[in-house]
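Chemist: pasting the structure only:
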(Lines give C-alpha, C1' and ligand atoms only; values in the text may rest on other atoms or scores of the structure.)
Protein backbone atom coordinates (compact mmCIF):
# COMPACT_ATOMS: atom_id res chain seq x y z
CA UNK A 1 0.00 0.00 0.00
CA UNK A 2 1.46 3.32 -1.09
CA UNK A 3 1.32 6.11 1.48
CA UNK A 4 0.08 9.40 0.06
CA UNK A 5 1.28 12.74 1.34
CA UNK A 6 -1.53 14.67 2.98
CA UNK A 7 -2.32 17.75 0.86
CA UNK A 8 -2.41 21.17 2.45
CA UNK A 9 -5.89 21.88 3.81
CA UNK A 10 -5.43 25.44 2.60
CA UNK A 11 -5.12 24.48 -1.06
CA UNK A 12 -8.01 25.35 -3.33
CA UNK A 13 -9.61 22.32 -4.89
CA UNK A 14 -12.68 21.68 -6.95
CA UNK A 15 -13.68 25.33 -6.98
CA UNK A 16 -14.58 25.23 -3.29
CA UNK A 17 -13.33 27.55 -0.58
CA UNK A 18 -9.74 27.07 0.51
CA UNK A 19 -10.60 26.21 4.07
CA UNK A 20 -13.60 23.93 3.55
CA UNK A 21 -11.89 21.03 5.35
CA UNK A 22 -11.80 23.13 8.52
CA UNK A 23 -15.56 23.52 8.57
CA UNK A 24 -15.44 27.00 7.11
CA UNK A 25 -18.78 27.87 5.65
CA UNK A 26 -20.76 25.58 7.93
CA UNK A 27 -23.99 27.15 9.06
CA UNK A 28 -22.98 27.22 12.74
CA UNK A 29 -19.58 28.82 12.19
CA UNK A 30 -20.96 31.34 9.70
CA UNK A 31 -23.80 32.35 12.02
CA UNK A 32 -21.38 32.67 14.92
CA UNK A 33 -19.06 34.86 12.84
CA UNK A 34 -21.97 37.10 11.82
CA UNK A 35 -22.99 37.59 15.45
CA UNK A 36 -19.41 38.41 16.44
CA UNK A 37 -19.09 40.93 13.59
CA UNK A 38 -22.20 42.72 14.83
CA UNK A 39 -20.85 42.76 18.40
CA UNK A 40 -17.30 43.89 17.70
CA UNK A 41 -15.61 45.95 20.39
CA UNK A 42 -14.38 49.52 19.83
CA UNK A 43 -10.71 48.38 19.66
CA UNK A 44 -11.66 45.69 17.09
CA UNK A 45 -13.47 48.31 15.01
CA UNK A 46 -10.40 50.59 15.12
CA UNK A 47 -8.12 47.78 13.92
CA UNK A 48 -10.60 46.68 11.24
CA UNK A 49 -10.80 50.23 9.88
CA UNK A 50 -7.04 50.08 9.25
CA UNK A 51 -6.95 46.49 7.88
CA UNK A 52 -10.02 46.36 5.66
CA UNK A 53 -9.90 46.88 1.92
CA UNK A 54 -6.22 45.89 1.73
CA UNK A 55 -5.27 49.14 3.52
CA UNK A 56 -2.25 47.58 5.23
CA UNK A 57 0.32 47.18 2.45
CA UNK A 58 -2.17 45.43 0.18
CA UNK A 59 -2.75 42.51 2.59
CA UNK A 60 -6.24 41.04 2.53
CA UNK A 61 -7.73 40.43 5.96
CA UNK A 62 -11.05 38.81 6.77
CA UNK A 63 -12.94 39.89 9.89
CA UNK A 64 -14.41 37.30 12.29
CA UNK A 65 -13.32 34.50 10.01
CA UNK A 66 -14.45 30.92 10.83
CA UNK A 67 -11.48 28.53 10.97
CA UNK A 68 -12.02 25.02 12.28
CA UNK A 69 -13.76 25.17 15.64
CA UNK A 70 -12.80 28.84 16.11
CA UNK A 71 -13.70 32.27 14.79
CA UNK A 72 -10.62 34.44 14.26
CA UNK A 73 -10.80 38.21 14.85
CA UNK A 74 -8.78 39.05 11.71
CA UNK A 75 -7.27 36.49 9.33
CA UNK A 76 -4.79 37.01 6.49
CA UNK A 77 -4.70 33.88 4.33
CA UNK A 78 -1.66 34.89 2.29
CA UNK A 79 0.46 35.05 5.46
CA UNK A 80 -1.46 32.42 7.46
CA UNK A 81 -1.66 35.05 10.18
CA UNK A 82 -4.43 35.83 12.63
CA UNK A 83 -4.71 38.96 14.71
CA UNK A 84 -6.55 38.75 18.02
CA UNK A 85 -7.61 41.80 20.00
CA UNK A 86 -8.07 40.72 23.60
CA UNK A 87 -10.32 42.62 25.95
CA UNK A 88 -11.06 42.05 29.61
CA UNK A 89 -12.87 38.76 29.06
CA UNK A 90 -9.60 37.19 27.89
CA UNK A 91 -7.99 37.74 31.30
CA UNK A 92 -9.88 34.68 32.56
CA UNK A 93 -9.37 32.68 29.34
CA UNK A 94 -5.59 32.46 29.17
CA UNK A 95 -5.54 28.66 29.28
CA UNK A 96 -8.25 28.34 26.63
CA UNK A 97 -6.52 30.97 24.47
CA UNK A 98 -3.21 29.09 24.80
CA UNK A 99 -4.88 25.83 23.69
CA UNK A 100 -6.48 27.66 20.77
CA UNK A 101 -3.14 29.19 19.77
CA UNK A 102 -1.47 25.75 19.88
CA UNK A 103 -4.17 24.28 17.63
CA UNK A 104 -3.88 27.15 15.16
CA UNK A 105 -0.07 26.76 15.15
CA UNK A 106 -0.53 23.06 14.34
CA UNK A 107 -2.50 24.22 11.28
CA UNK A 108 0.32 26.56 10.23
CA UNK A 109 -1.36 29.74 11.47
CA UNK A 110 0.59 32.30 13.50
CA UNK A 111 -1.38 34.15 16.16
CA UNK A 112 -0.58 37.72 17.12
CA UNK A 113 -2.37 38.88 20.26
CA UNK A 114 -2.78 42.49 21.25
CA UNK A 115 -4.66 43.87 24.22
CA UNK A 116 -7.37 46.44 23.78
CA UNK A 117 -5.08 48.79 25.72
CA UNK A 118 -2.26 48.34 23.20
CA UNK A 119 -4.64 49.13 20.35
CA UNK A 120 -5.93 52.23 22.15
CA UNK A 121 -2.56 53.56 23.26
CA UNK A 122 -0.29 52.73 20.30
CA UNK A 123 -2.19 51.63 17.20
CA UNK A 124 0.72 52.47 14.89
CA UNK A 125 3.04 50.09 16.77
CA UNK A 126 0.39 47.36 16.60
CA UNK A 127 0.02 47.85 12.83
CA UNK A 128 3.81 47.92 12.34
CA UNK A 129 4.10 44.59 14.19
CA UNK A 130 1.32 43.06 12.07
CA UNK A 131 2.96 44.25 8.86
CA UNK A 132 6.42 43.02 9.89
CA UNK A 133 5.17 39.54 10.80
CA UNK A 134 3.02 39.29 7.65
CA UNK A 135 6.05 40.19 5.51
CA UNK A 136 8.15 37.56 7.30
CA UNK A 137 5.50 34.91 6.64
CA UNK A 138 4.77 35.78 3.02
CA UNK A 139 7.07 34.03 0.57
CA UNK A 140 8.78 36.13 -2.10
CA UNK A 141 6.51 34.74 -4.82
CA UNK A 142 3.36 35.48 -2.84
CA UNK A 143 2.54 31.89 -1.89
CA UNK A 144 1.50 31.29 1.71
CA UNK A 145 3.93 29.27 3.80
CA UNK A 146 3.13 25.58 3.93
CA UNK A 147 1.38 24.44 7.11
CA UNK A 148 3.64 21.36 6.86
CA UNK A 149 6.87 23.39 6.89
CA UNK A 150 8.05 22.35 3.39
CA UNK A 151 8.18 25.39 1.16
CA UNK A 152 5.21 27.29 -0.26
CA UNK A 153 1.75 25.92 0.41
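Modeler: Happy to help now that I have it. Nothing here was measured: the structure is a model prediction, and the numbers come from that model. Numbers count the residues shown, from 1 in each chain.

Chemist: in the chain, what secondary structure element scores lowest on mean pLDDT?
Modeler: Ranked by mean pLDDT, DSSP states H and E, the helix or strand of the chain with the weakest confidence is helix 27-38, at a mean of 57.

Chemist: Next SSE downstream of that helix?
Modeler: Following helix 27-38 in sequence order, the next helix or strand is helix 42-51 (DSSP states H and E).

Chemist: Show me what that next one packs onto, helices and strands only.
Modeler: Counting contacts by 3 or more C-beta pairs under 8 Å, 6 or more residues apart in numbering; DSSP states H and E, helix 42-51 is packed against strand 70-76, strand 81-86, helix 116-121, helix 123-137. Where C-beta positions appear, they are placed from N, C-alpha and C, glycine not excepted.

Chemist: For those, give me TSV that also has distance to residue 46.
Modeler: As requested, those are arranged in TSV below (distance: least, C-beta to C-beta, whole Å):
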stretch	distance to residue 46
strand 70-76	12
strand 81-86	9
helix 116-121	6
helix 123-137	6
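
Chemist: Adding mean pLDDT and mean neighbour count, write these out as TSV.
Modeler: Output for the helices and strands packed on helix 42-51, formatted as TSV (pLDDT from 0 to 100; neighbours: other C-beta atoms under 10 Å):
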stretch	mean pLDDT	mean neighbour count
strand 70-76	95	22
strand 81-86	96	22
helix 116-121	96	15
helix 123-137	97	15
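
Chemist: Name the residues of stretch 98-107 that are buried.
Modeler: Residues of stretch 98-107 classed as buried: 100, 101, 104, 107 (neighbour count, 16 or more other C-beta atoms under 10 Å).

Chemist: Give me the subset of the residues you listed that lies in strands.
Modeler: Using DSSP state E, no member of the buried residues of stretch 98-107 falls in strands.
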